[in-house]
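> I'll drop the sequence and a predicted model, then ask my questions.
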Amino acid sequence: MNQSNQMMLTSNDGAVLVLVAILLAVSIVLTGYLWERVANFVNSENQAHLDEEILAITEAGLDKAIWSLNANDAYAGETSTSFGDGQFTISVVSIDSNTRQITATGYIPDSVDPIAQKTISIEALKSSSTVNFSYAMQSAAGGITMYNNAGVNGDVYSNGSIYASNNAFVNGDVWIAGGSSAPTINQSHETNNGSYQFGHSSQYRDIAQSFVPTTTGTINEVEVYLRKQSNPSNLTLRIAPDDGGQPDDSDIASGTLQSSWVTSSLSWISVDLTSTPTLNAGQTYWIILDGGNNSSRYYYWGSDSAQGYANGQAMRSSNWNNQNWSSINRDLNFRVYMGGTSGNEFDGAPNVHVYGDLHANHIQDVTISGDAYYQSINNASATNYYPGSTDPSELDLPISDADVQQWKDDAENGGTHSGDYTACPSTIGPMKITGNLILGNNCTLTVTGTLWIEGNMTSGNTVTINLDSGYGANGGIIIVDGDITPGNTLDINGSGQSDSYVMLISTNATSTAISTNNNLTVEGILYAMNGTLDMRNNVIANEVVAQELILQDNVVINYNQGLTNATFSSSASGSGWAMRDGTWQQQ
């Protein structure tokens, strides 16, 4: 082989070696890349599985806490409880008697040397409500009619006139509000896209919204769109004139807004005013909500961040009467009611007797053992007379629409029965019934949870309804959207404990929402939210509340002092703890 050929072969061999080296390097790089992708995929799958498992362990801790609270209100948590491939630790802190802060931490494989850890906190609420029933009888603008020998042992409050026939009596005090015709909305702003927090710190203690009435007239009522966090203290709603673009440091009217009227969801809350001053058209006035401050118990006022109300603005302050206000760049949701007339009366007959004090615009034909407070009086006697007295203000009924909706939700959470319910089961509830509840003759029924009947409730003769003994000192609730018409001899009883009552509610707005027959005994409250409660022939109840009340001949209401702070539970299980919506938070 000559030298040139040898050199050519050597050159070719070198090129081949270079090519092989390049291919080998590329192969190694590709193989490494592919292995990296495979490893990342495996690691990703493992991490996803780990995340899913640690979430399940942590939420199991939350479920255990709720279950334990329902078994024992005093439950405070536990440490390093084994569950699945890991452990959880629970802490329970009491915010108030009806609210607990629950914090659960999950660990894999254990809390000593975890490879995964997650913490979640929630608030738990006790599904019970405390309602203050301060009067044996209370009516809205429909007033009260008492026929021959009808009576009440307890105090009476009516937003309308009271008419009493021969020998009717009230063994207590009577208040009759001045207003008789309904006021109308003059100013409002209902556009809502959020809410504004207040009462959680001293700088946000008080909050105000201005408005300008279009007519001159009396202001009678204000509605505000609120929700609450936990159980804050009551608020005072004030009306104040304007002072240079902010609220004046003196109000012209006020009213109490009770915390119990407000729920955890935004809803309209009505506040009646203790006086009804005249507002002038074209002038600026302010709605002020004045309360305390607490970092864990406060309110939210529904708001419009676009500031769509042209006749006002919103501000906040650490103290409403210190003239130190700051704008909050939004409008708050409100309704202002103006107008209406006054002049309600107590109009009696021979031998009608009020054994306490009587407050009314006009008093006629009655013997009063206590004192008389009035604008005018005719054919009436009293121990002391106070002419020119200010008429009592209208008083809101004890429960709100928001309360009723919460109780309906409690019933529906227990299950739904479609159509009429005609059986006589040994136990029932919590339950929603989309039709009527029809109880036949001689039926004995034990209620184990809140009932919501979308239709009517009727019963035959000799029917007994008892609360389950598990209610203890709590009361139970039956809500009927239609009419309530019992037959002869219906007995409705609590759990057997002295402070356990049944509240039988009709939300029907027809003229007669509840019409009783012979021998009705209710260990609790008859409540016609929007209509008339007509009682006849041996009705016994602890309290009656309605838009309009009618007591036929010989009906007597006996008030029970325990109703001033009656507690109602959603079920016979008692505590009824559940997670509060919107409080789930990963830490």
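That came through, no problem. Residues are numbered from 1 along each chain as shown.
> tell me the contacts of residue 428?
Counting by C-beta atoms under 8 Å, 6 or more residues apart in numbering, residue 428 makes contact with 421, 445-449, 451. C-betas here are computed from N, CA, C, even on glycine.
> how about it, phi and psi?
Dihedral angles of residue 428 (phi, psi; degrees, to the nearest 10) stand at phi -160, psi 140.
> Most neighbours of all the contacts of residue 428, which one?
Neighbour counts for these, by other C-beta atoms under 10 Å, peak at residue 451, which reaches 28 neighbours.
> so what pLDDT did that one get?
At residue 451, the model reports a pLDDT of 97.
> Beta-bridge partners for residue 194, please?
Residue 194 has the following beta-bridge partners by DSSP bridges: residue 303.
> before we move on, what about residue 467?
Following DSSP bridges, residue 467 is listed with bridge partners residue 447.
> Residue 212: neighbouring residues, count only.
Using other C-beta under 10 Å, residue 212 has 18 other residues around it.
> Isn't it up against residue 280?
No: in this structure residue 212 lies outside contact range of residue 280 using C-beta atoms under 8 Å: 9.8 Å.
> if we can go back for a sec, include distance to residue 241 when you put the contacts of residue 428 into CSV, please.
Output for the contacts of residue 428, formatted as CSV (distance: C-beta to C-beta, whole Å):
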residue, distance to residue 241
421, 56
445, 57
446, 58
447, 52
448, 54
449, 50
451, 49
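> out of those, who's nearest residue 222?
residue 451 (34.0 Å; C-beta to C-beta).
> which residues does that closest one contact?
By C-beta under 8 Å, 6+ apart, the contact list for residue 451 reads 411, 428-431, 433, 437, 477-479.
> Same question for residue 258.
Taking C-beta under 8 Å, 6+ apart, one finds 132, 234 in contact with residue 258.
> re earlier: please check the contacts of residue 451 and keep the buried ones.
Of the members of the contacts of residue 451, the ones counted as buried by neighbours, 16 or more other C-beta atoms under 10 Å, are 411, 428-431, 433, 437, 477-479.
> which one among these gets closest to residue 218?
Nearest member of those to residue 218, counting by C-beta to C-beta, is residue 479, at 34.9 Å.
> Next SSE downstream of the host helix or strand of the closest one?
Assigned by DSSP states H and E, residue 479 belongs to strand 476-480. Per DSSP H and E, the first helix or strand lying C-terminal to strand 476-480 is strand 484-485.
> Which strands or helices does that next one pack on?
strand 457-459, strand 512-515 (3 or more C-beta pairs under 8 Å, 6 or more residues apart in numbering; DSSP states H and E).
> would you turn the ones you listed into JSON lines with mean neighbour count and distance to residue 302?
Putting the helices and strands packed on strand 484-485 into JSON lines (neighbours: other C-beta atoms under 10 Å; distance: least, C-beta to C-beta, whole Å) gives the following:
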{"stretch": "strand 457-459", "mean neighbour count": "22", "distance to residue 302": "34"}
{"stretch": "strand 512-515", "mean neighbour count": "22", "distance to residue 302": "30"}
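> how about those, which one is nearest residue 374?
strand 512-515 (31.6 Å).
> Run through the neighbouring helices and strands of the closest one.
Here strand 512-515 touches strand 484-485, strand 502-506, strand 520-535, going by 3+ C-beta pairs under 8 Å, 6+ apart.
> What is the burial count for the nearest residue to residue 331 once chain neighbours are set aside?
By the measure of C-beta to C-beta, 6 or more residues apart in numbering, the closest residue to residue 331 outside its immediate chain neighbours is residue 309, 4.1 Å from it. Residues near residue 309, counting by other C-beta under 10 Å, number 23.
> all numbers from here: first residue = 306
Done: numbering now begins at 306, and the last item shifts to residue 614.
> Residue 635 versus residue 614, what's the distance?
10 Å (C-beta to C-beta, to the nearest Å).
> Next, the distance between the ends of stretch 750-767.
12 Å (C-alpha to C-alpha, to the nearest Å).
> other SSEs contacting whatever helix or strand residue 851 lives in?
If you go by DSSP H and E, residue 851 is part of strand 844-856. If you count contacts as 3+ C-beta pairs under 8 Å, 6+ apart, strand 844-856 packs onto strand 442-451, strand 825-840, strand 861-863.
> Spell out which strands sit alongside it in the sheet and which way each one runs.
Using DSSP bridges, the strands paired with strand 844-856 are strand 442-451 (parallel), strand 825-840 (parallel).
> who wins for proximity to residue 577 among those strands?
Closest to residue 577 of those is strand 442-451 (C-beta to C-beta; 11.0 Å).
> Touching, residue 641 and residue 524? I think so.
Yes: in this structure, residue 641 is within contact of residue 524 by C-beta under 8 Å, at 6.4 Å.
> shared neighbours, these two?
Residues within reach of residue 641 and of residue 524 at once, by C-beta under 8 Å, 6+ apart, are residue 518.
> Find the nearest non-adjacent residue to the spatially most central residue of the chain, please.
Residue closest to the average C-alpha location in the chain (C-alpha atoms, centre = their mean): residue 568, at 3.3 Å. Closest residue in space to residue 568, ignoring its immediate chain neighbours: residue 707 at 4.4 Å, by C-beta to C-beta, 6+ apart.
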